[in-house]
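Enquirer: when you get a sec, could you give me coordinates for this:
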Amino acid sequence: MGSSQSTPAAPPPLPRQQPALPTTPTSPTIDATTIVSLLSVLALLAGAYAASVRLLPPASTLKTRVLFVWHLFDALIHIVFEGSFLAQCFCVYYSLPTSFATRGPAVTPLLLTPPDVHFLGQRDRLYGAAYGTNPFARLWQEYAKADRRWGGVDLGVVSLEILTVGVGAPLAVYVCALLCRPEGRGALGKWWWMSVLATGELYGGWMTFAPEWLTGSPNLDTSNWMYLWVYLFFFNTLWVWFPLWVLYESYHAINSAMSQAEMVDLVNYLGKKDD
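Expert: Prediction:
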């Protein structure tokens, strides 16, 4: 007689209903995680400025220094913070019990994928920072109070962050290396790559929040001033105002260089015509 191999029972389906976000104003919870998170951002900014003092040529202009600090700060945020977010998404998970008959789940499930869609094809696991206990998981649990997509696995957010960490951060570091060259050397190349990165940052911001706006912002909590003005507005619009400024400066720098090139061509043409 042949022997049959039993397969583990699939976990029971979880309800798709998500906990409702607060509809009345609440007071922000300022704890150790909040303070450490904010201080960490300031530390990265201070580190970027210190690097500009050490690495930029002494004759660098204020504009070059601001651009260097912004791009290095941008790279550090992507690598340290958003890189840690991806680590939570791919490495931190909660194993679902095979039966809820005798007990419910040990955690509140955070379901951000469509029905019958399972991250990494794992039907018995829930991934994301919401299920972790490490310091970076705590950090993203704090931010998820304002935007709960960062507590679990939202496929759109994760896909954007893979590009941000894997492409945007190295490009920002490369821009910093270009800015360390003497003023005027390879100017058009610098502005070109800064424009590419700024455009990508704006696109990433739009694709992060446009789906929320189009569906009534079901994952955003704006019930108190910290979640709305610090977590959602301030920390996200930094990646709007600075890229817009970079594009503005890029346009004028490239336009000026092209005008000078056209003038040189005209002078050379008139010189040849006189000959």
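Enquirer: could you use CA atoms for every contact and neighbour count after this?
Expert: Fine.
Enquirer: which stretches in the stretch 1-150 of the chain count as strands?
Expert: Secondary structure of the stretch 1-150 of the chain (DSSP state E, counting those that start in this stretch): strands at 93-95, 125-127.
Enquirer: what's the most buried one of the ones you listed?
Expert: strand 125-127 (a mean of 22; mean count of other C-alpha atoms under 10 Å).
Enquirer: list the helices and strands that strand packs on?
Expert: helix 83-91, strand 93-95 (3 or more C-alpha pairs under 8 Å, 6 or more residues apart in numbering; DSSP states H and E).
Enquirer: weakest of the ones you listed by average pLDDT?
Expert: When the helices and strands packed on strand 125-127 are ranked by mean pLDDT, strand 93-95 comes last with a mean of 92.
Enquirer: and the helices and strands packed on strand 125-127: which comes nearest Gly200?
Expert: Proximity to Gly200, assessed across the helices and strands packed on strand 125-127 by C-alpha to C-alpha, is greatest for helix 83-91 (17.2 Å).
Enquirer: could you dump that closest one to CSV, C-alpha only?
Expert: Only the C-alpha atoms of helix 83-91 are listed here, as CSV (Å, rounded to 0.1, in the frame of the first residue of the first chain):
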residue,chain,number,x,y,z
GLY,A,83,16.3,50.7,3.6
SER,A,84,15.3,49.6,7.1
PHE,A,85,11.6,49.7,6.0
LEU,A,86,12.4,47.2,3.2
ALA,A,87,14.3,45.0,5.7
GLN,A,88,11.1,44.9,7.8
CYS,A,89,9.0,44.1,4.8
PHE,A,90,11.2,41.2,3.6
CYS,A,91,12.5,39.8,6.9
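Enquirer: and that helix, what does it pack onto?
Expert: Using 3+ C-alpha pairs under 8 Å, 6+ apart as the contact test, the elements touching helix 83-91 are strand 125-127, helix 135-143, helix 155-163.
Enquirer: cool, thanks, signing off.
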